[in-house]
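[1] Following is a predicted model, sequence given first.
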Amino acid sequence: AAEGTATGDTSGKKIAFSNSYAGNSFRQVMIKSFEAAAAKAKADGKIAGSAVVSSNNSVTEQASQIQNLILQGYDAIIVLAGSDTALNGSIKEACDAGITVVAFASGVTEPCAYVVDYNLDSYAKAELDFIASKLGDKPANILEIRGMAGDGFDKRLNEGVNKALAAHPSYKKVGEVYGQWTGTIAQKEVSGVLPSLPQIDGVLTQGGDGYGAAQAFKAAGRKLPIIIMGNRQDELALWKKEHDATGYETFSLGATPSVSQVAFWVAQQILAGKQVPKFVEVPLLQINQPDLDAWLKTVPEGGVVNAEYPQDLVATIIDANVAKAPLPMVPAPK
Amino acid sequence: MADTALQRRPRLTSALGSALQIGLPAATLIAMLAVIFWIRPSAMSYFGFTLLFKFAVPLMFAALAQMLVIMLGDIDLSIGSFVGFVTCVAALYLDEAPLLALVILAASIAVYAGVGLLIHVRQLPSIIVTLGMSFIWLGAAVTLMPGPGGTAPRWLVAFMSWKPPFVPLPVLIALLTALIGHLVISRSSYGAVLRGAGANPRAVERAGWSVRTIRCAVYAAAGALACLAGLTLTGLTTSGDPNVAPAYTLLGVGAVILGGGAFTGGIVSPVGTVIGALTLALAGSLLSFLQVPPTWQIGAQGAILFLVLAGRILFSEHRS
Amino acid sequence: MRAIPSANREPRPGAASPVPLIATRAVAKHYGAVRALVGVDFVLAPGEVVGLVGHNGAGKSTLMNVLAGTVQRSSGAFCYDGAEIGAWGAREAQACGLRCIFQELSLCANLSATENTRIIHASLRGLGWRRRARALITAALDDIFPGHGIDPDRKVAELAIGERQMVEIARAFTQTSVPVRGVILDEPTSALGHTPTEQLLAHIRKAAADGIACILITHRLNEILAVSDRVTVMMDGAAVADRPAAGLTRSDLVAMMGSIEAHGGTGRAIGPAADGAIVVDHPGRDGADRPICVRRGEIIGFAGLDGHGQRDRLRAIYAATSDVPVAYVAGDRGAEGVFPLWSIADNLTIRSLKALQRGGFVVPGAARALAEQWAARLKVKAPDVDTPILSLSGGNQQKVLFARALASDAQVVLLDDPMRGVDVGTKQEVYALIRAEADKGRSFVWYTTEMDELSNCGRLYVFREGRVVEEIPGAQINHARILEASFGGAQTGASHG
Amino acid sequence: MSLRLAPWSYGFLVALVMWVATICYSGTGSAIPTLSSALVFAAFSVVVGTGQMLVIASGPGNIDLSMPSVLTLAAYASMSIMGGSDAMVLPGLLLAVAVGAVAGMLNYLAITALRLPPIIATLAWSFVFQSFAFNLGGEATLKPPAALSEFTLWSIGGIRVLPVAVMGLTLLAVLVLKRGVGGRQLLAVGQSERAARLAGISVGRVRLVAYTLCGMSAGLAGFLLSGFSGGAALNMGDTYLLESIAVVVLGGTSVAGGQANAIGIWGAALFFNLMATMLNTFQMQAGIRFLLTGALIILIVAIVPRPKAG
Ligand SMILES: Nc1ncnc2c1ncn2[C@@H]1O[C@H](COP(=O)(O)OP(=O)(O)OP(=O)(O)O)[C@@H](O)[C@H]1O
Ligand SMILES: Nc1ncnc2c1ncn2[C@@H]1O[C@H](COP(=O)(O)OP(=O)(O)OP(=O)(O)O)[C@@H](O)[C@H]1O
Ligand SMILES: [Mg+2]
Ligand SMILES: [Mg+2]
């Protein structure tokens, strides 16, 4: 396969984004990132048009919206699926209609779709590896904050956690709550269960829940354990404040909302004729102690850490996937 | 001359009222279709109709199930999670152990009947009992299937993608269901008893019927219709997912109300409900055709809901 | 005034039949501590018409419910058609041809008359059931209420209350596979106009002649005397008297019921004080309609045939009057009178909260005092004012509603046929109270379907087809004059349109 | 049995059982912290529940499904105007409550003007309100002023102030429902609209006030919750949709209207929180947690003796 950016003519192509849910700030930024990339691409003559459709956390609504996008004659549809499997019927239909489908940040199982996703096993492994780098092999108590019961992302990440935990036999998972990737819920669930838990040394998170968990620990008057943060500004600010006060150290790991840009460019590159593997792994954005201040400066108050994925970077990511080479990391801001 | 011969409302307005009851949602549906076809003329085809209304099929069954419960003056907040449960059962077992799947589905219909019995015997508010049931169905689904997965049986998928001659499948199913619903609920002699039991259970009890049996049977029928919703949905999505259909609960209620139903019990229309379900399914689609900016999409859905239902002022009776 | 059908009746062969259709012995019914029936012996022969009378809460409806199978008796024996009956429910009663018209309407308002007919006939099913049901109910309506003008395919909810009552009565006389043996009519005429009542009474005689036994409950004693072969009197849950109707008079009945009818219906000779200020001046809706004017201390009557716009006018006056405080006493207690979850005190004081509050909060002592004072003045029979209103009998509930209006600051009290289902003794007490309050300067506007009550009024407005067609001053109030105006006699020609 | 419990006390009783079960599992040391945490979170449920109760009591079919989005919208509006400044806390509070009040009025307007069933009208509005929140800066969590956060976490002598303040609100609600003219009128309208109208009560005004107060309570909850949880977030209200209804009904308020129980809401809210705590503590599988939650809800409504309405 040819390396680098494919330059086939896609100026007449239209790309749509079917989003399962728009009800939190992460998704709002994700939509804005897509719109920004699409607007720029349109200005550069790389596509003819784009659209965003969000369903309100309803898989059936999303499925029928995909059907409508087929009717509207889009050339590619990128999908953030509300369910790993429930959109398979609609996605198959789109493929059959000759439409390029790129599903991202979700484990869509329909084989005709291209999938752009993180490696959730390495997500969990990185979380535990960091904790091990701080605590070593000493016995430690771990609290896992999960997402939503019955959800595919939650299930896969939890499987990753269990695999990673097996590699650290001295660590014990003493509690598990469902935070639904929502700060207020995570705070409530952790607060409720905390009094009955022994000392917690590490908290595994899924994104959107770290700050709520920290609030719960503080309200209970407990020492802050290593809470894996999820790239939210409030988490980073809290981390910095604690670090300045007590030397607290943790690290932050998570998806970037601009993964929608990766999906967008992957779709564009496929339309442009580039050979793309069915699975494109995207790197997670990782923030370590030394880069904390630099990252914090780039994030708007209350927002999410984001990064731009221009066309050539995405082409490089695709090539790295083909070559099974290490993925290019998102560089820390200076 | 009898003094009561004085007619208070002329017959005409009454007939007009019931015609509007169906006519209004139908007109809304047609108006929305017109907008879509105007934006995208190519949608006006066999293929277009199939795509537009495919996902209205399970919603239609769920709305009819809700309609049966509303007919009794109750409300079912568990339909959405029950449909999710059915998709899990269907995707897990229907292919490999069809008998087991059928037994589970039959048992869950029996549970529905049991819920009706409990509500009747203890005179409980259905809203809170079915809220509890929604947790139970979700729990059962998550226990069976911790994440989305499974595969729908081939025949089910094949049926849902079947292309009958001339009439697209969703339209065909809608016509058939509306017809059967109309015959059973609005026309048949037992339908009259059921609607009567919803409006004035005491009167029906006094005429020698057992309202308890009626409630059990109607809840069981609602369960069966919700099973159909789950099965058709499994056929469309080709898999199971516990969280696939929570929206069906309130969408179903909306479809019943849109179709001329009322919460007072006994006032429902199967034809109206089917049209209502098609309309609401289309309302979601309309957005993707109208290219509403993302931050206003959900607001636009509320606005469409208002527009679609506002016609009710024209014929809703004013009781003071 | 209820005219008595003039038919002179022979004793019917059925009355002498050896096997009674219904026979109860020592039937009792307890609701917890409440003893609704304390051991009733009751017999009904085929083809017999029994009139059942008694004060409010005497247990008449409860006994009928036991017979109809809708209430299970606590003890006692029940024979139907000579056979001892153990378990007896609504289904069995239907299957044995025993029909009941309950005190509260038992139609499904969302269904048509045709569909309501199907509800009581298990055999009306299969193809063409609707046609058959429609034919049945139309025939029954035509038979009982010729000229009724009811469309059997209209929803019952769209019918006027009198029409609903006619549908329910007609339905009870329809017959399919099971022959009708007995019909219980529990206050069937309380919502019926003059003509339908006459038609119904005539039909009851006809049905009896065909061998259908009937039980008629009504507080209009003339109706009882008009059709019954026999009269049973109930008091406090027991049947206390049982006599052939022949030769009984109204005052005999009243005496048997244990309350003496105070003869007060002579009307108020005193007109309104000449200087009485005008408190209500309500214009008519068009030229053919007359304005209504009420002075301080007046009792104004709304007369005319039932359902000719009196209620609408009352509501219009209620809505339009804002300069003087106005109160409304509804006749339809259940739907527009009582607050079912509340006690007597709460129900009684709700209209007076403004006077009882300080800083937005009701002063508890003042509210209780007011409730106790008025409950005592109206002789509401209850242990105390904290008693839940629904545990009172209908007549006593009605007294509480009167007290609500009278205890308030209302200058004008609108009475919307408020004596429906109230027994004779209570009525007399309330009449006296209204007159006393009027003497103190309150004004009353009183819509009633009972001609006798109109004699309490100082002036009448007669309604026809939604309009006031005539005003009758107190001195000229008499039955003939009212009837003439109601039916559009010669002197009301001006209002013909 | 001579012991007869009031219907609303069952929530407290079951909550107590769950609290004891949690303590038995995890040791007595957890008793006070568990309760204290449950009280704080219950307080938020009680604020929304009290508003919902007023609407539910105003007559059969009345319900407000827009509470979560009103809560979020009010939180966004007030966080925007405060801009993290302590001096602006009072204007922020007023704005949050005002936004709620307007939302409540709009709800009632749609119900009367368009003659929509409340469940549909408030659902449609909730979509619109949610859209407003998206447009008020949905891309970020808006941070509260420090003073507000401190207030929500404030405790005197180990006793949290927030739940105590909300208990004061509950007592006020009890007093108004029992003695207040408005409360009496609300319950009258809820029992029988027609009777209330003929008893001289302005039914429309009473319902308007009920919906407005409900909106205001959502606004207040949004204001407090964003102080407590570190800011206004788009999905902060999601859990309160079903919870606000469930705590009201389990608290002994009749869905048929005309009867309200403000104290019972505390019992039900504590029950919900302590149940979640207990199930989390026992480390049950998610599916089993749902199953038990559902079964417990049904069990409570089924065992509570219901006052018979006429
Ligand atoms: N379900 C019930 N629960 C408790 N008490 C009841 C019930 N039904 C009737 N009662 C009581 O039984 C008594 C008899 O009532 P019933 O309705 O039979 O009187 P009635 O003779 O028909 O009076 P009315 O002339 O007012 O219709 C009354 O005291 C009433 O309060
Ligand atoms: N059970 C009921 N449920 C709902 N509405 C009712 C019920 N009963 C009566 N109404 C309504 O109450 C109003 C008054 O009823 P009704 O038919 O008794 O009036 P009316 O005395 O005949 O009036 P008018 O004198 O104007 O003819 C009508 O609008 C009627 O539709
Ligand atoms: Mg009676
Ligand atoms: Mg009338």
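    Received it, and whenever you're ready, just let me know what you need. Numbering: from 1, shown residues only, chains lettered A, B, ... in the order given. Ligands and ions are numbered 1, 2, ... in the order given.
[2] Quick check: which element contains residue A:84?
    Taking DSSP states H and E as the definition, one finds residue A:84 inside no helix or strand.
[3] Could you tell me the phi and psi values at it?
    Residue A:84 adopts backbone torsions of phi -60, psi -30, taken as degrees, to the nearest 10.
[4] ok, so what distance separates the spatially closest residue to it that is not a sequence neighbour from residue A:106?
    Sequence neighbours aside, residue A:152 is the residue nearest to residue A:84 in space, at 3.4 Å (criterion: Cβ to Cβ, 6 or more residues apart in numbering or on different chains). No exception for glycine: its C-beta is placed from N, CA and C like everyone else's. According to Cβ to Cβ, to the nearest Å, residue A:152 and residue A:106 sit 7 Å apart.
[5] now swap in residue B:78 and tell me
    On the measure of Cβ to Cβ, residue B:78 and residue A:106 end up 27 Å apart.
[6] Residue D:180 now?
    For residue D:180, the distance to residue A:106 (Cβ to Cβ) stands at 53 Å.
[7] ok, these two, which is more surrounded?
    Neighbour tally, residue D:180 and residue A:106, criterion other Cβ atoms under 10 Å in any protein chain shown: the higher count belongs to residue A:106, 23 against 20.
[8] so the residue nearest to residue A:84 touches residue A:85, yeah?
    Yes - counting by Cβ atoms under 8 Å, residue A:152 touches residue A:85, with 7.5 Å between them.
[9] out of those two, which sits in the busier spot?
    More crowded of residue A:152 and residue A:85, by other Cβ under 10 Å: residue A:85, with 28 against 25.
[10] check contacts around the closest residue to that one other than its chain neighbours.
    Distances taken as Cβ to Cβ, 6+ apart put residue B:239 closest to residue A:85, at 3.4 Å, once the chain neighbours are dropped. Listed by Cβ atoms under 8 Å, 6 or more residues apart in numbering or on different chains, the contact set of residue B:239 reads A:85-86, A:88, A:109, B:87, B:91, B:148-152.
[11] got it, and residue C:216?
    Counting by Cβ under 8 Å, 6+ apart, residue C:216 makes contact with C:49-52, C:185, C:188, C:204, C:223-224, C:227-228.
[12] ranges for the strands of the stretch 1-150 of chain C?
    In order along the chain, the stretch 1-150 of chain C carries the following strands (DSSP state E, counting those that start in this stretch): C:22-31, C:34-44, C:49-54, C:75-80, C:83-84, C:98-101.
[13] will you turn the ones you listed into JSON lines that also has mean neighbour count and distance to residue B:188?
    Below are these laid out as JSON lines (neighbours: other Cβ atoms under 10 Å in any protein chain shown; distance: least, Cβ to Cβ, whole Å):
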{"stretch": "strand C:22-31", "mean neighbour count": "18", "distance to residue B:188": "35"}
{"stretch": "strand C:34-44", "mean neighbour count": "19", "distance to residue B:188": "37"}
{"stretch": "strand C:49-54", "mean neighbour count": "26", "distance to residue B:188": "38"}
{"stretch": "strand C:75-80", "mean neighbour count": "16", "distance to residue B:188": "32"}
{"stretch": "strand C:83-84", "mean neighbour count": "10", "distance to residue B:188": "35"}
{"stretch": "strand C:98-101", "mean neighbour count": "24", "distance to residue B:188": "24"}
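[14] Nearest approach to chain B belongs to which of those strands?
    strand C:98-101 (7.3 Å; Cβ to the nearest Cβ).
[15] picking that back up, any common contacting residues for residue A:152 and residue A:85?
    With Cβ under 8 Å, 6+ apart, residue A:152 and residue A:85 have common neighbours B:148-149.
[16] I'd like the contacts of residue B:239 laid out as a markdown table, including secondary structure and distance to ligand 3.
    Output for these, formatted as a markdown table (DSSP: H, G, I helix; E, B strand; the rest coil; distance: Cβ to the ion, whole Å):
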| residue | secondary structure | distance to ligand 3 |
| --- | --- | --- |
| A:85 | coil | 63 |
| A:86 | coil | 59 |
| A:88 | helix | 65 |
| A:109 | coil | 68 |
| B:87 | helix | 54 |
| B:91 | helix | 59 |
| B:148 | coil | 61 |
| B:149 | strand | 63 |
| B:150 | coil | 61 |
| B:151 | coil | 65 |
| B:152 | coil | 60 |
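[17] so which of these is the most crowded?
    Busiest of those [other Cβ under 10 Å] is residue B:87, holding 35 neighbours.
[18] which residues touch that residue?
    Counting by Cβ under 8 Å, 6+ apart, the residues that residue B:87 touches are A:86, B:230, B:233-234, B:237, B:239-241, B:244-245.
[19] Strands of the stretch 101-250 of chain D, residue ranges please.
    Assigned by DSSP E, counting those that start in this stretch, the strands in the stretch 101-250 of chain D fall at D:155-156, D:159-160.
[20] quick check, distance from the last one to the centre of its chain.
    Translated: strand D:159-160. Centroid separation for strand D:159-160 versus its chain: 20 Å, with Cα atoms, centre = their mean, to the nearest Å.
[21] Whether that strand contacts chain A - can you check?
    No - judged by Cβ under 8 Å from any Cβ of the partner chain, strand D:159-160 makes no contact with chain A; its nearest approach is 9.3 Å.
[22] which strands and helices sit next to that strand?
    With contacts defined as 3 or more Cβ pairs under 8 Å, 6 or more residues apart in numbering or on different chains; DSSP states H and E, strand D:159-160 has these neighbours: helix D:31-57.
[23] Am I right that residue C:415 falls within a helix?
    No - Residue C:415 is assigned strand when assessed by DSSP: H, G, I helix; E, B strand; the rest coil, not a helix.
[24] Give me the pLDDT for it.
    Listed pLDDT for residue C:415 reads 93.
[25] For it, which non-adjacent residue is spatially closest?
    Using Cβ to Cβ, 6+ apart and skipping residues adjacent in sequence, the residue nearest residue C:415 is residue C:446, 4.3 Å away.
[26] ok, so what distance separates that neighbour from ligand 1?
    As judged by Cβ to the nearest ligand atom, to the nearest Å, residue C:446 and ligand 1 stand 21 Å apart.
[27] give me phi/psi at that residue?
    Residue torsions, per degrees, to the nearest 10, at residue C:446 are phi -120, psi 110.
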